[in-house]
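Chemist: Got a predicted structure plus its sequence, pasted below:
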Amino acid sequence: MIRAFLIPILAIVGMLYAVVTVVKSSQPRPPALPVVMPPTSPFEQFIAGSGIIETASQNIAIGTPVPGTVSKVAVTVGDHVKKGDVLFIVDTRELDGQLAVREADLATARANLQKLESMPRAEEVSPAEARVESARATYDDLKSQFQMLERVTDPRARSEEELSKRRFAMIAAEGRLEEAKAALALVKAGAWAPDMRVARAQIASAEAAVNQIKTEIERRIVRAPIDCRVLQVNVRPGEFATAAALNTPLMLVGDVSKLHVRVDIDENDAWRAKAGAKAEAFLRGNRDVRTTLQFVRFEPYVIPKKSLTGDATERVDTRVLQMIFSFDPAKLPVFVGQQMDVYIEADAVEPVRTADTTAATAN
């Protein structure tokens, strides 16, 4: 008896459960609310674009003109530096050694010029004068002997040979006297002008060699190009710095006294963008964080779009016009590199009138 009623009852219960389940599953589900509410445009007519925050100077990728091992990194991320401050230094030990040699050569050249400029030395003048006096005394003695012999008229008291010897001895002594006088004049005259010019040229050459080494050393000291803030440091002491354009720069710096927003405007809307247009920017992830932007300039070259949003209707070959706006970073807690949703005020779009539409309107 129980079995006769149990099976139909279970069948009815199962059928009712199936009906209830089907009814519940067929009801439309309420749409899920977004995790973060998107911003809305404050303008009635507008152009929307995606913007990225950059420094007022644009982000400056710091490199090195000379490859080498980094010996010192003088800054850390977040530091504010002045123009000319040291950022990092490439190893200069080899050049330091060469500089020492060049400076020694320069010191030698300067000492040689100083020696020439200090001529004549008093110690050299006195011996030269003494040699002149000695030569004069010898000449006077031989001249006197010759004159005495020459005054003898008796041919038996002198011979022509002796007279000739005394004459030639006197002439030789006179030559030695003139030579001594010339040597004294040379000592008193000091350095020769061409020697002075050669010495000065040697100094100029040595100074140029020293300056060349100093320039090479200075090229290995990488300094801040402007007053800026250090945004990234991607090099450490002991690492090899390559002198080339890198995907990841050795350092990234920029002027953060004002920040810029680089906005990509689709080329289809580019004609609606006007210089001086009002704009509002909303921070990604929080539409309550917003700021008014001031127009700075257009980038006058339309470029291929690089950052794709993933929208199914977006074409890979889309090109964009870039507009640059600025804002005061003190009024908005953001970081360089963050993205923002930007709305730019634009004129209303006029409907396109074809010839048929114009005729129909006229009738």
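Modeler: Alright, I've got the coordinates.
Chemist: so who does residue 280 touch?
Modeler: Residue 280 sits next to 41, 42, 43, 290, 291, 292, 293, 342, 343 when contact means C-beta atoms under 8 Å, 6 or more residues apart in numbering. Using the backbone N, CA and C atoms, a C-beta is placed for each residue, glycine as well.
Chemist: In strands only, show me these.
Modeler: Restricting the contacts of residue 280 to those inside strands, with DSSP state E as the criterion, leaves 290, 291, 292, 293, 342, 343.
Chemist: rewinding a little: which one (most neighbours) among the contacts of residue 280?
Modeler: Within those, most neighbours by other C-beta atoms under 10 Å means residue 342, with 26 neighbours.
Chemist: give the contact list for it.
Modeler: Residues in contact with residue 342 (C-beta under 8 Å, 6+ apart) are 48, 49, 50, 51, 261, 263, 279, 280, 281, 282, 293, 325.
Chemist: Narrow those residues to those that are buried.
Modeler: When neighbours are counted using 16 or more other C-beta atoms under 10 Å, these contain these buried positions: 49, 50, 51, 261, 263, 279, 280, 281, 282, 293, 325.
Chemist: what about the first one, which helix or strand?
Modeler: Taking DSSP states H and E as the definition, residue 49 sits inside strand 46-55.
Chemist: what pairs with that strand, and is each one parallel or antiparallel?
Modeler: Partner strands for strand 46-55, per DSSP bridges, with pairing direction: strand 259-266 (antiparallel), strand 339-345 (antiparallel).
Chemist: and after the longest one, which helix or strand comes next?
Modeler: I take that to be strand 259-266. Next helix or strand after strand 259-266 toward the C-terminus (DSSP H and E): strand 279-283.
Chemist: What's the first helix or strand after the host helix or strand of residue 70?
Modeler: Secondary structure assigned from DSSP H and E places residue 70 in strand 68-73. Towards the C-terminus, the helix or strand next in line after strand 68-73, according to DSSP H and E, is strand 80-81.
Chemist: and that following strand, what other elements does it pack with?
Modeler: On a contact count with 3 or more C-beta pairs under 8 Å, 6 or more residues apart in numbering; DSSP states H and E, strand 80-81 meets strand 228-233.
Chemist: Contacts for the next helix or strand after the strand it packs on next, please.
Modeler: Using DSSP H and E, the helix or strand that follows strand 228-233 towards the C-terminus is strand 240-241. Taking contacts as C-beta under 8 Å, 6+ apart, the residues outside strand 240-241 that touch it are 63, 64, 67, 68, 69, 70, 88, 90, 235, 250.
Chemist: are any of those buried, and which?
Modeler: Buried positions within these, assessed by neighbour count (16+ other C-beta under 10 Å), are 63, 64, 68, 70, 88, 90, 235, 250.
Chemist: My read is that the first one contacts residue 235, right?
Modeler: No - Residue 63 lies out of contact with residue 235 (C-beta atoms under 8 Å); the separation is 10.0 Å.
Chemist: any residues in contact with both of the two?
Modeler: Overlap of the contact sets of residue 63 and residue 235 (by C-beta under 8 Å, 6+ apart) consists of 241, 250.
Chemist: Name all residues that make contact with the most centrally placed residue in the chain.
Modeler: Centroid-nearest residue in the chain: residue 225, 6.0 Å away (criterion: C-alpha atoms, centre = their mean). With C-beta under 8 Å, 6+ apart as the criterion, the residues that contact residue 225 are 60, 62, 83, 253.
Chemist: Please settle this for me: is it part of a helix?
Modeler: No - the assignment for residue 225 is coil, going by DSSP: H, G, I helix; E, B strand; the rest coil, so no helix is present there.
Chemist: backbone phi and psi for it, please?
Modeler: Backbone geometry at residue 225, expressed as degrees, to the nearest 10, gives phi -80, psi -20.
Chemist: now do residue 166
Modeler: Dihedral pair for residue 166: phi -60, psi -40, per degrees, to the nearest 10.
Chemist: tally of neighbours for it?
Modeler: Residue crowding around residue 166 was assessed by other C-beta under 10 Å; the count is 20.
Chemist: Surely it touches residue 143?
Modeler: No - between residue 166 and residue 143 there is no contact, the gap being 9.1 Å when judged by C-beta under 8 Å.
Chemist: shaky segments in the stretch 201-350 of the chain?
Modeler: Along the stretch 201-350 of the chain, the model assigns pLDDT under 70 to residues 307-317, 349-350.
Chemist: how about low-confidence regions in the stretch 1-150 of the chain?
Modeler: Across the stretch 1-150 of the chain, the ranges flagged by pLDDT under 70 are 1-5, 30-36, 122.
Chemist: What segments of it are helices?
Modeler: Listed in chain order, the helices found in the stretch 1-150 of the chain under DSSP state H, counting those that start in this stretch are 2-26, 93-117, 122-151.
Chemist: Minimum distance to residue 336: which of those has it?
Modeler: Across the helices of the stretch 1-150 of the chain, the minimum distance to residue 336, taken as C-beta to C-beta, is reached by helix 93-117, at 35.5 Å.
Chemist: Quick check: buried residues in the closest one?
Modeler: Neighbour-count burial for helix 93-117, with 16+ other C-beta under 10 Å as criterion, is recorded at 95, 98, 99, 102, 103, 105, 106, 109, 110, 113, 116.
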